[in-house]
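# Have a look; sequence and predicted model below, questions after that.
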Amino acid sequence: MNKVDRGPLFPPVKRHGDLLFLSGQAPVDTTTFELVAEGFTAQVAHVLATVERLLTEGGSSMSSVLRVECMLADPADFTAWNQAFEGSFPQPRPARTTVVTGFVVPGMLVELQLIACVIADPETNWTPAHD
């Protein structure tokens, strides 16, 4: 496996062949572990923007995501998460899992992990083995 990017405690992205594995992306500063946004909508928007940037840097895109794992602090945010998911991932949407859990960082409401395919030809957005 080759590192695509390197964070202070863990690499946010690992590449293996044509796959990118994104570590848990959270609405926190990776140096201070302080929240960078408050409220679910702002936090999920921040996380999705980070995810999109990491995918682009790794040679992929939101349309090449194969699997999303979402952790929510509050089950009441499930509907808002569905809306964010639908607005961020084009058809055919990736497989996904959503669980409710607690977080170490107080006030953190969402975290995402992803697996994506690397785009072989960015001009056509063709991805290998993406049916």
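Arrived safely, thanks for sending. Computed from a predicted model, the values in this text were never measured in an experiment.
# Show me the helices in the chain, by range?
With DSSP state H, the ranges of helices along the chain come out as 40-57, 78-88.
# Quick check: buried residues in the shortest one?
Neighbour-count burial for helix 78-88, counted by 16 or more other C-beta atoms under 10 Å, picks out 80, 81, 84, 85, 88. To be clear about C-beta, it is placed using only N, CA and C from the backbone, and glycine gets the same treatment.
# okay, the angle between that helix and helix 40-57?
30 degrees (axes from the mean of the first three to the mean of the last three C-alpha atoms, to 10 degrees).
# so residue 22 sits right up against residue 69, yeah?
No - under the criterion of C-beta atoms under 8 Å, residue 22 is not in contact with residue 69, lying 9.7 Å apart.
# So which of the buried residues of helix 78-88 is the closest to residue 13?
residue 88 (17.6 Å; C-beta to C-beta).
# How about that closest one, nearest residue that isn't a chain neighbour?
In this structure, residue 88 finds its nearest non-sequential neighbour in residue 48, 5.1 Å apart by C-beta to C-beta, 6 or more residues apart in numbering.
# Just give me the neighbour total for the one you found.
By other C-beta atoms under 10 Å, 19 other residues sit near residue 48.
# how about it, what does it touch?
By C-beta atoms under 8 Å, 6 or more residues apart in numbering, the contact list for residue 48 reads 84, 88, 112.
# can you check residue 44 too?
Contacts of residue 44 by C-beta under 8 Å, 6+ apart are 27, 80, 81, 84, 109, 110.
# would a markdown table of those with distance to residue 92 and pLDDT be doable?
A markdown table is the format used below for the contacts of residue 44 (distance: C-beta to C-beta, whole Å; pLDDT from 0 to 100):
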| residue | distance to residue 92 | pLDDT |
| --- | --- | --- |
| 27 | 27 | 95 |
| 80 | 22 | 98 |
| 81 | 19 | 98 |
| 84 | 18 | 98 |
| 109 | 27 | 97 |
| 110 | 23 | 98 |
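# which of those residues lies closest to residue 43?
Lowest distance from residue 43 to these (C-beta to C-beta) belongs to residue 27, with 3.9 Å.
# Any regions of this structure where pLDDT drops low?
1-9, 121-131 (pLDDT under 70).
# Appreciated, that's everything.
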